[in-house]
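**Student:** Predicted model, plus sequence, below.
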Amino acid sequence: MTAPRTFNRFLNLLPFAAVALGAMLFLYDPHALQVLRNSVFDQFQRWHPREYREVPVTILDIDDESLARLGQWPWPRTRVAEMVDRLHEAGAASVGMDIVFAEPDRTSPKAMMALWKLPEETRARLGALPDHDEAMAKSLQEGRVVVGFALDRTGKATAKPATPFRIVTAGEPAERHLNGFTGAVTSLPAFEKAASGNGFLTFVPDDDGVVRRVPLVARLGEAIVPSLVSESLRVAQGVPNYIVRTGSSGEGVEEIRIGEFTVPTTAKGEMWVHYTKPVPGRFLPAWKVLAGEVPAGRLDGHIVLVGTSAQGLMDLRSSPMGGIMAGVEAHAQGLEQILAKTWLERPAWTYAIEPLLIVIGGIALALVALKTSALVAAGATLAILAAVAAGAWYAFTAQGLLLDPLTPSLVLVAAFILGSVVNHLNTEREGRWVRDAFSRYVSPNRVDYLVSHPDNLELGGKRQECSFIFTDLAGFTGLMEAMDPGAAVSLLNDYLDRMIEIAFRNGGTLDRIVGDAVAIMFSAPVEQPDHRARAMHTALEMHAFATRYVADLAARGIQFGHTRIGIHSGEVIVGNFGGSNMFDYRALGDPVNTAARLESVNKHLGTLVCVSEETLSGCADVVARPVGRLVLKGKSQALKVFEPIVPPEGRAAQRDIAYEEAYALLETGDSRALAAFEALRVARPDDPLVNLHLGRLNAGDAGDRIVLAEK
């Protein structure tokens, strides 16, 4: 039989739509995607940090120990001047101040004169002392020093920094591509005039606060200004110019030339910093310079950056390496890379390669996922993802290139998942058609099992513990005689449909239908550890339905028989039995016959539901009362049987304490059992089990062992 194949074009286009959306997201580059990509780049750095090479770059660190030895910050400018002088004497090629000296020294003699009330003679003596700022300006003028300024986007600070440099642009104008600022907080004009260079100290960290790039130039208003890194390098070489080269197609800045060094940059004029692990030798405590404890030649030809790692001075930044670093260290590591000519780049061509990979790889994986098995598609996806990851890692470690493996991988995974889901839906639709058709002849869970285990369609069986329900409809033959056969069959079909529906809903397998009788088994073909509880609750649900069904028909003037139910559990042989041309799936064994006998025994006991102790042992939440130890016809061993207590709808079942007490006397052969059951008979004359045991006691039968002569 050929299943109808309705090809859903919309579903099949979903994986390709995901590829198109992924390419659009890459071009739009939302914030969340940037964060994820930067996290990958950070992880690359942690796994493969830059190997530290000794280059002439040193951080003069105003650290906590220097503050403890020399006093809190800010230090008098005379001390800073002394420090600068000593650096020049030690042979520093340039000194970059990662500090903005924006205000006059409050410890200068003139500043003290304005604060203190002093005699005129003392004021005259103080006025004759050298001004601290003038002393520092003199030191700056005699050396090769770069002072700093802070850029501002608020527009509140409008001072324009001095420009002892010249910017030359090669290519299209670079200003519109650079990080833009509207104002600056500058060092004192005297310091700017005396210094050899003037560079901004401001970083442009990512939104997570991590400093991944160091800017070499930025835009202040309409002018291009260099950073502390750029100016320190320029002054050290004694060159006047910068050459900012831009791309010819509007890609922004490509590289910046500073003397003999040409630095590849981002479009915004930044350089990616490839960080090393912490290197103590990079730092030189400020107190050692002032104490004259710097070894000879230690700073000869070095670019010295003066900054602070002191916790209290708050110049600390987040590093891609996962820790906190002094802000001046980012400047220093950038300079180290320039001097060593080791670059970390994300060139403009990567923005063409990556979307191309997204489109080609995504379409290929979508086709594979739609046309092949999930295992083949998963293998292809894993292979491509591994290739993408390995390529990005190789580019980083061997070439110093930052290629994004994350965005393509996300799109490829999305294409694989959607393609596989659509493929599965198509396959499932075909399989569902087969199952729906087959399930009209065979139990649905048996169909599902055969679909999942087609190799199970062979003769043979296995031992398995199962539970069984047998039902029978009392008086159906009389019903057929009393009404139109067509109407009777319609009522029966409706009844059977609902009974089987209950069984299927609880995971039961239809063993067979014989006229108005139904046989259900649990824990086959799929094992169900809770098969006893499933069978018990299914039987109670069937009993509740059958009771309502009889009442509903009675209200319409139609007499319909009550349903008798038997439940038992035990080990059977389950499998396919028959011949090579035709076979049947069923269970064989004594527990099957016993369950059928328990259904039949209801008519002798006057009950509607009988369950064996073997089944009831797995139903802790079911309340039942003992019927007796029944010896079924053809059996020699007694089977302890119970009747479940079915409470009125909406109420919980309660133990029948009075009956249990009377039964306990019966069970032990106590002579008081007769009086106990006679008292129960008065209270409940229609109770079938009370009448059963009272009749037996009156007939001289003692104990709870009941031998049945009929099936």
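**Tutor:** Received, thanks.
**Student:** From here on, just use CA atoms for contacts and neighbour counts.
**Tutor:** Noted.
**Student:** Buried residues, stretch 645-658. List them.
**Tutor:** Across stretch 645-658, burial judged by 16 or more other Cα atoms under 10 Å covers 645-646, 653.
**Student:** List the neighbours of that stretch that are in contact with it.
**Tutor:** 540, 623-625, 680 (Cα atoms under 8 Å, 6 or more residues apart in numbering).
**Student:** now with 6 Å?
**Tutor:** 623-624 (Cα atoms under 6 Å, 6 or more residues apart in numbering).
**Student:** ok now that stretch, how far from the chain's centre?
**Tutor:** Distance of stretch 645-658 from its chain centroid, counting by Cα atoms, centre = their mean, to the nearest Å, is 48 Å.
**Student:** how close does the nearest residue to residue 67 once chain neighbours are set aside sit to residue 223?
**Tutor:** In this structure, residue 67 finds its nearest non-sequential neighbour in residue 73, 7.0 Å apart by Cα to Cα, 6 or more residues apart in numbering. Counting by Cα to Cα, to the nearest Å, the separation of residue 73 from residue 223 is 33 Å.
**Student:** ok, now residue 483?
**Tutor:** Distance from residue 483 to residue 223, by Cα to Cα: 104 Å.
**Student:** can you check residue 628 too?
**Tutor:** Taking Cα to Cα, one finds residue 628 at 103 Å from residue 223.
**Student:** Settle it for me: which of these two has more neighbours?
**Tutor:** residue 628 (21 against 11; other Cα atoms under 10 Å).
**Student:** Checking my notes, the more buried one in a helix, right?
**Tutor:** No - checked against DSSP: H, G, I helix; E, B strand; the rest coil, residue 628 lies outside a helix; its state is strand.
**Student:** contacting residues around it?
**Tutor:** 640-641, 704.
**Student:** ok, now with 10 Å
**Tutor:** Counting by Cα atoms under 10 Å, 6 or more residues apart in numbering, residue 628 makes contact with 638-643, 663, 666-667, 689, 693, 703-706.
**Student:** Residue 702 against residue 663, yeah?
**Tutor:** No - using Cα atoms under 10 Å, residue 702 is not in contact with residue 663; the gap is 11.2 Å.
**Student:** Give me the common contacts of the two.
**Tutor:** 669-670, 673, 693.
**Student:** which two in these are spaced the farthest apart?
**Tutor:** Greatest spatial distance in these: 670 and 693, 13.3 Å, computed using Cα to Cα.
**Student:** Compare those two (neighbour count), which wins?
**Tutor:** Higher neighbour count among residue 670 and residue 693: residue 693, with 26 against 14, using other Cα under 10 Å.
**Student:** quick one: low-confidence parts of the stretch 151-300 of the chain?
**Tutor:** Scanning the stretch 151-300 of the chain for pLDDT under 70 picks out 155-158.
**Student:** can you rerun that using 90?
**Tutor:** Filtered on pLDDT under 90, the stretch 151-300 of the chain yields the residue ranges 152-160, 171-172, 205-209, 222, 247-251.
**Student:** tell me the helices in it, going along the chain?
**Tutor:** For the stretch 151-300 of the chain, the helices defined by DSSP state H, counting those that start in this stretch occupy 189-194, 228-237, 286-290.
**Student:** wait, residue 303 sits on residue 235?
**Tutor:** Yes - using Cα under 10 Å, residue 303 is in contact with residue 235, at 9.3 Å.
**Student:** any shared contact partners between those two?
**Tutor:** Joint contacts of residue 303 and residue 235 (Cα under 10 Å, 6+ apart) are 93-96, 144-145.
**Student:** ok, those residues vs residue 377, which is closest?
**Tutor:** residue 96 (57.3 Å).
**Student:** Domain-wise, how is this protein divided?
**Tutor:** Domain segmentation of the chain under automatic domain parsing yields 9-44+350-437, 57-340, 457-622.
**Student:** Now tabulate the ones you listed in JSON lines and tack on distance to residue 633.
**Tutor:** As requested, the domains of the chain are exported to JSON lines (distance: least, Cα to Cα, whole Å):
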{"stretch": "domain 9-44+350-437", "distance to residue 633": "41"}
{"stretch": "domain 57-340", "distance to residue 633": "81"}
{"stretch": "domain 457-622", "distance to residue 633": "9"}
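**Student:** Who are the packing partners of the top helix by length along the chain?
**Tutor:** Ordering each helix of the chain by length in residues (DSSP state H) puts helix 406-438 first. Counting contacts by 3 or more Cα pairs under 10 Å, 6 or more residues apart in numbering; DSSP states H and E, helix 406-438 packs against helix 9-28, helix 31-47, helix 350-371, helix 374-399, helix 444-452.
**Student:** Please tell me how far it is from the chain's geometric centre.
**Tutor:** 21 Å.
**Student:** ok, back up a step: name the element the residue nearest to residue 67 belongs to?
**Tutor:** For residue 73, there is no host helix or strand (DSSP states H and E).
**Student:** Would you confirm that it contacts residue 79?
**Tutor:** No - using Cα under 10 Å, residue 73 is not in contact with residue 79; the gap is 11.1 Å.
**Student:** So if I had to pick from these two, which one is more boxed in?
**Tutor:** residue 79 (16 against 11).
**Student:** Counting neighbours, which bits of the helix or strand that residue 536 is a member of end up buried?
**Tutor:** Element membership for residue 536, per DSSP H and E: helix 531-555. For helix 531-555, a neighbour-count test (16+ other Cα under 10 Å) marks 531-543, 545-546, 549-551 as buried.
**Student:** average model confidence for the strand ranked longest in the chain?
**Tutor:** Longest strand of the chain, by residue count under DSSP state E: strand 563-578. Predicted confidence along strand 563-578 averages 90 (mean pLDDT).
**Student:** other SSEs contacting it?
**Tutor:** strand 460-473, strand 517-522, helix 531-555, strand 583-588, helix 590-605, strand 609-612, helix 613-616, strand 639-644.
**Student:** if we can go back for a sec, residue 412 is nearest to which of the helices and strands packed on helix 406-438?
**Tutor:** helix 350-371 (5.0 Å).
**Student:** Please spell out which residues along that closest one are buried.
**Tutor:** Buried residues in helix 350-371 (16+ other Cα under 10 Å): 354-355, 357-359, 361-370.
**Student:** what do you get for stretch 180-197?
**Tutor:** Buried-residue list, stretch 180-197, by 16+ other Cα under 10 Å: 180-188, 191-197.
**Student:** What of stretch 593-608?
**Tutor:** Buried, per 16+ other Cα under 10 Å, within stretch 593-608: 594-602, 607-608.
**Student:** These into a markdown table, with extra columns for pLDDT and distance to residue 329?
**Tutor:** Below are the buried residues of stretch 593-608 laid out as a markdown table (pLDDT from 0 to 100; distance: Cα to Cα, whole Å):
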| residue | pLDDT | distance to residue 329 |
| --- | --- | --- |
| 594 | 95 | 86 |
| 595 | 95 | 84 |
| 596 | 94 | 86 |
| 597 | 93 | 89 |
| 598 | 95 | 87 |
| 599 | 95 | 87 |
| 600 | 93 | 91 |
| 601 | 94 | 92 |
| 602 | 94 | 91 |
| 607 | 95 | 90 |
| 608 | 96 | 87 |
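**Student:** Considering those, which is situated nearest to residue 698?
**Tutor:** Closest approach to residue 698 among those (Cα to Cα): residue 607, at 20.3 Å.
**Student:** pretty sure that closest one is in a strand, no?
**Tutor:** No - read with three-state DSSP, residue 607 is coil and lies in no strand.
**Student:** unless I'm mixing things up, it is touching residue 643, no?
**Tutor:** Yes - here residue 607 reaches residue 643: they are 7.5 Å apart, a contact under Cα under 10 Å.
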